[in-house]
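Colleague: give me coordinates for this.
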Amino acid sequence: MRKIHLAGLTALITFSLACGAGSGDTSSSVTGGDGTAVEAAPEKTTATAKVGQTVTLTRDGLGEKSVVEVTVANAKQHSKEPGEYGSKPEHGVFLVLDVTVVCKDGTYHANPFNFKFVAKDGTVSEGAFSVGFKPDLNATDLSSGQKVAGKIVFDVPKAAITGGRIQIDGMGFDYDKPAAYWAL
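Modeller: As a prediction, the model looks like this:
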């Protein structure tokens, strides 16, 4: 019985040391359109950019480093999906944005579900299923030097857009925490 406890304790210590090889926290910073740093976010804070600016997400944990540049641009409102049979939004308007994700170092899983709409009052909306706004941002595994681009769509009340933000989730163990925002 003592051997089992000792083996478990050894495994726990090994795991703890491996996790200590970097915080694993996702940090973010914002750059302007020309690539110059506009605002750097200190560790454990969340950067806020303007729509059209690029946010750099960095994660260094468990011996692996990932650096990703994400741009959210061209916020447009639509009262229905394009096409003859386009559906109408249930909550007010479709908010459609162009997203570009570039993996600069390491790997990254780009996914439209990494983004959320956050209203001024804190109400969070997940992306809407839409077939009319093309091209979609598809879930894609990226390696260093690769990129993907497409549209993300939210079905939100029109009044919620003023003061609203687009949130991107963190990487790795921070997948459920906001990494950065784009102010609308």
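
Colleague: so, low pLDDT: which residues of the chain?
Modeller: 1-25, 32-45 (pLDDT under 70).

Colleague: contacts only, for the residue most central in space within it.
Modeller: In the chain, the residue lying closest to the centroid (Cα atoms, centre = their mean) is residue 168, at 2.5 Å. Each residue near residue 168 by Cβ atoms under 8 Å, 6 or more residues apart in numbering is listed here: 55, 57, 70, 72, 114, 115, 178, 179, 180, 181. For glycine as for every other residue, the C-beta is placed from the backbone atoms N, C-alpha and C.

Colleague: same thing but at 10 Å, please
Modeller: Listed by Cβ atoms under 10 Å, 6 or more residues apart in numbering, the contact partners of residue 168 are 26, 28, 46-47, 55, 57, 68, 70, 72, 99, 101, 114-116, 178-182.

Colleague: tell me which of those residues fall in strands.
Modeller: When DSSP state E is applied, these are split such that 26, 28, 47, 55, 57, 68, 70, 72, 99, 101, 115-116, 178-182 fall in strands.

Colleague: the helices in the chain, which residues?
Modeller: Using DSSP state H, the helices of the chain run over 2-19, 158-161.

Colleague: what helices or strands is the last one leaning on?
Modeller: Taking 3 or more Cβ pairs under 10 Å, 6 or more residues apart in numbering; DSSP states H and E as the contact definition, the neighbouring helices and strands of helix 158-161 are strand 64-78, strand 93-105, strand 115-118.

Colleague: in that helix, what's buried?
Modeller: For helix 158-161, burial by neighbour count (16 or more other Cβ atoms under 10 Å) applies to 160, 161.
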